[in-house]
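**Student:** Mind folding the following:
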Amino acid sequence: MKKKVISLLLTAAMATTMFAGCGSSSEENTTADNNQTAAPAATEAAAEESTEAAAPAVSADGKIAMITDSGDITDESFNQITWETCVAYGDKNGIEYQYYKPAEDTDEERINAIDLAVADGATVIVMPGYLFGPAIAEEQDLYPDVSFIAVDVTEADIVDLSGNAVGISDNVYICSFQEEQAGYLAGYAAVKDGYTSLGFLGGIAVPAVIRYGYGYIQGINDAAEEMGVDVDVKYYYGGQFYGSDAITARMEGWYQDGTQVVFACGGGIYTSAVEAAEQYDGKVIGVDVDQRPKIGDLCITSAMKGLGSAVNSALDAYFGGNWASIGGKSEQLGLAQGDYLGLPTDTDSWGFTTFTVDEYNTVLDGLKDGSITVSNDTENQPEVGSHVTVDYVE
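**Tutor:** Sure thing, here's the model as predicted:
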């Protein structure tokens, strides 16, 4: 008990409270606001995703808590766009919101963060990433009057602290994405734009990363077959979600060996690809959100998924009194369900020189209507034709 109290106090020290329409005098929140201003990609994406569709009437009766996974709200990826979506939703509807950063990257501390959020009055808790699976399994029945929204989480992630599978309760909604579709679009576009030597740098080989990578290979293959050009691909999982000297050195070797563009997929691991690309005049493809505003012209495109759209829709269900439509459900969101995946098409983020937005939209429509299919098999490497050679690096 003493240890848990201490952990809760540490988590409380990292919690930031923001009231709708009001700023905060805390030093941490000032830092967060400054970082949000300095990262327009995630901010604009959250705002756009939160306002694209006409929202149903909502009640301001409740409080939103968002808990970060192993990152923070300035990571220009999962955590930041999830937090900024919560902020935009709260500001628009007059709903109080607060975020929490667990004291450590452990299941126990994520559980402690949920406990603290509930103690602070949260009625709906938003969590990004598969790391929250065990915390959901342990906490969902302890707080039946609290609703849990977990994005990029699958049923397979919901296991208790002993590793036993647990079903999701009616107060939980989880969703994941068909990342293979976004990966496909990135690979197809890169080859259509003239790149013939490509790389894939994954983080840890979790299903979402694998789906991105295998979709990327399938897009490369289809474009190469259509064009009749030979393409080589290097494929590697770094086993971590951050950059390092060793991974940077490997990327430098790829670029020296002729690789033109690397799809860097796995949190901060992209920094190693960027460092190497800067040295050898290479290019990179971003992931999850539009990373060109952060990376610059080195980034030709980003394979994006609609984290903000998913969070916004789930919050609408909760505050609109329609939680029963999603509670207890697990969804895998793809282009058949909505505009949940794609490449950025605004002028500032379009880094292709010959592949056009019209051509992109044609492929996108094919994925939406099912005339183009992408396998989501994560157990077997994608089959490729005679024009594509893939080197799966161990």
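**Student:** contacts and neighbour counts: CA atoms only from here.
**Tutor:** Noted.
**Student:** so where's the stretch 1-150 of the chain shaky on pLDDT?
**Tutor:** The stretch 1-150 of the chain contains residues with pLDDT under 70 at 1-56.
**Student:** for the helix or strand where residue 88 lies, packing partners?
**Tutor:** Assigned by DSSP states H and E, residue 88 belongs to helix 78-93. Using 3 or more Cα pairs under 8 Å, 6 or more residues apart in numbering; DSSP states H and E, the elements in contact with helix 78-93 are helix 40-51, strand 63-67, strand 96-100, strand 124-128, helix 307-319.
**Student:** What would the second one look like as CSV? C-alpha coordinates only.
**Tutor:** This means strand 63-67. The C-alpha trace of strand 63-67 is given here as CSV (Å, rounded to 0.1, in the frame of the first residue of the first chain):
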residue,chain,number,x,y,z
LYS,A,63,-14.5,15.1,-17.4
ILE,A,64,-12.0,13.8,-19.9
ALA,A,65,-8.7,12.3,-18.8
MET,A,66,-5.9,11.3,-21.2
ILE,A,67,-3.0,9.1,-20.1
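**Student:** Quick one: list the elements packing against that strand.
**Tutor:** Partner elements for strand 63-67 (3+ Cα pairs under 8 Å, 6+ apart): helix 78-93, strand 96-100, helix 107-119, strand 124-128.
**Student:** Relative to the whole chain's centre, how far out is that strand?
**Tutor:** 18 Å (Cα atoms, centre = their mean, to the nearest Å).
**Student:** That strand pairs with which strands, and in what direction?
**Tutor:** strand 96-100 (parallel), strand 124-128 (parallel) (DSSP bridges).
**Student:** Surely residue 201 is in a strand?
**Tutor:** Yes. Counting by DSSP: H, G, I helix; E, B strand; the rest coil, residue 201 is located in a strand.
**Student:** Show the contacting residues for it.
**Tutor:** 235-238, 262-266, 273 (Cα atoms under 8 Å, 6 or more residues apart in numbering).
**Student:** go again using 7 Å as the cut-off
**Tutor:** Contacts for residue 201 (Cα atoms under 7 Å, 6 or more residues apart in numbering) come out as 235-238, 262-265.
**Student:** So which of these sit within strands?
**Tutor:** 235-237, 262-265 (DSSP state E).
**Student:** Let's have these in CSV, adding distance to residue 74 and pLDDT.
**Tutor:** Converted to CSV, the ones in strands among the contacts of residue 201 look like this (distance: Cα to Cα, whole Å; pLDDT from 0 to 100):
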residue, distance to residue 74, pLDDT
235, 29, 98
236, 27, 98
237, 25, 98
262, 24, 98
263, 22, 98
264, 19, 97
265, 18, 95
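**Student:** As a markdown table, the strands paired with strand 63-67 with distance to residue 294 would be great.
**Tutor:** A markdown table is the format used below for these (distance: least, Cα to Cα, whole Å):
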| stretch | distance to residue 294 |
| --- | --- |
| strand 96-100 | 24 |
| strand 124-128 | 21 |
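**Student:** follow-up on the earlier one: farthest-apart pair in the ones in strands among the contacts of residue 201, please.
**Tutor:** Checked with Cα to Cα, the ones in strands among the contacts of residue 201 reach their widest spread between 237 and 262, with 12.4 Å between them.
**Student:** Looking at these two, which has the bigger crowd around it?
**Tutor:** Taking neighbours as other Cα atoms under 10 Å, residue 237 and residue 262 compare with residue 262 leading, 28 against 23.
**Student:** Could you give the number of residues near the closest residue to the more buried one other than its chain neighbours?
**Tutor:** Closest residue in space to residue 262, ignoring its immediate chain neighbours: residue 199 at 4.3 Å, by Cα to Cα, 6 or more residues apart in numbering. Neighbour count for residue 199, taken as other Cα under 10 Å: 28.
**Student:** Is residue 176 bridged to anything, and to what?
**Tutor:** Going by DSSP bridges, residue 176 forms beta bridges with residue 332.
**Student:** swap in residue 391?
**Tutor:** Here residue 391, judged by DSSP bridges, has bridge partners residue 234.
**Student:** I figured it hits residue 231, correct?
**Tutor:** No. Using Cα atoms under 7 Å as the test, residue 391 is too far from residue 231 to be in contact (11.3 Å).
**Student:** Between the two, which has more neighbouring residues?
**Tutor:** A count of neighbours by other Cα under 10 Å puts residue 231 above the other of residue 391 and residue 231, at 21 against 11.
**Student:** now the helices and strands packed on strand 63-67 in TSV, with distance to residue 63 and mean neighbour count?
**Tutor:** Output for these, formatted as TSV (distance: least, Cα to Cα, whole Å; neighbours: other Cα atoms under 10 Å):
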stretch	distance to residue 63	mean neighbour count
helix 78-93	9	24
strand 96-100	5	24
helix 107-119	10	21
strand 124-128	6	25
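**Student:** Okay, and residue 149 sits in which element?
**Tutor:** strand 147-151.
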